[in-house]
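*Asks:* Next comes the sequence, and after it the predicted model I'd like to discuss.
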Amino acid sequence: MSVEAKSNIDSSIGKVLKSYRKKHHLTQDKMAEKLDISEKYISRLENGNSGVKLETLVNYMNILGITPNVVFNELITNDTIKPQIDLSFKISELSEQKLNFLNLFVDYLKDL
């Protein structure tokens, strides 16, 4: 992988992490505390200056409720799976009641 490609990946993931941290009204200091890592590392991740360790990424996702599709959306170029990702974004905006209904409906469709 080229340095440029890695930099683009780091930058894209960093933007998502920063955006969701801010949506949850968390400072970098509070996020670092929750993740048990340094505030400096949080800053480097969010600015795309450092790659994120897989364990740290998973912890971020769990703490902030980020789905993998959100994290990797800008990086996915396969047109075959783009519609699935788009659908997952729409689903994530549904109320719990509508989500439960959708689950039942999908189960019904699978059984046809």
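*Replies:* Looks like it arrived, so ask away.

*Asks:* From here on, just use CA atoms for contacts and neighbour counts.
*Replies:* Fine.

*Asks:* Could I get the pLDDT score of Ser2?
*Replies:* Looking at Ser2, its pLDDT stands at 67.

*Asks:* what do you get for Ala5?
*Replies:* Reported pLDDT for Ala5: 84.

*Asks:* next structured bit after the strand or helix carrying it?
*Replies:* Assessed by DSSP states H and E, Ala5 sits inside helix 3-23. Downstream of helix 3-23, the next assigned helix or strand under DSSP H and E is helix 28-35.

*Asks:* and that next one, what does it pack onto?
*Replies:* In terms of contacts (3 or more CA pairs under 8 Å, 6 or more residues apart in numbering; DSSP states H and E), helix 28-35 is packed against helix 39-46, helix 54-64.

*Asks:* Restrict the helix holding Ala5 to CA atoms and write it as CSV.
*Replies:* Extracted in CSV, the C-alpha atoms of helix 3-23 (Å, rounded to 0.1, in the frame of the first residue of the first chain):
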residue,chain,number,x,y,z
VAL,A,3,2.0,6.0,1.7
GLU,A,4,-0.6,8.3,0.0
ALA,A,5,-3.2,5.5,0.2
LYS,A,6,-2.5,4.9,3.9
SER,A,7,-2.7,8.6,4.6
ASN,A,8,-6.1,8.8,2.9
ILE,A,9,-7.3,5.9,5.0
ASP,A,10,-6.0,7.4,8.2
SER,A,11,-7.6,10.8,7.3
SER,A,12,-11.0,9.3,6.4
ILE,A,13,-11.2,7.3,9.6
GLY,A,14,-10.0,10.2,11.7
LYS,A,15,-12.7,12.4,10.4
VAL,A,16,-15.4,9.9,11.3
LEU,A,17,-14.0,9.4,14.8
LYS,A,18,-13.8,13.1,15.4
SER,A,19,-17.3,13.7,14.1
TYR,A,20,-18.9,11.1,16.3
ARG,A,21,-16.9,12.1,19.4
LYS,A,22,-18.2,15.7,18.9
LYS,A,23,-21.8,14.4,18.4
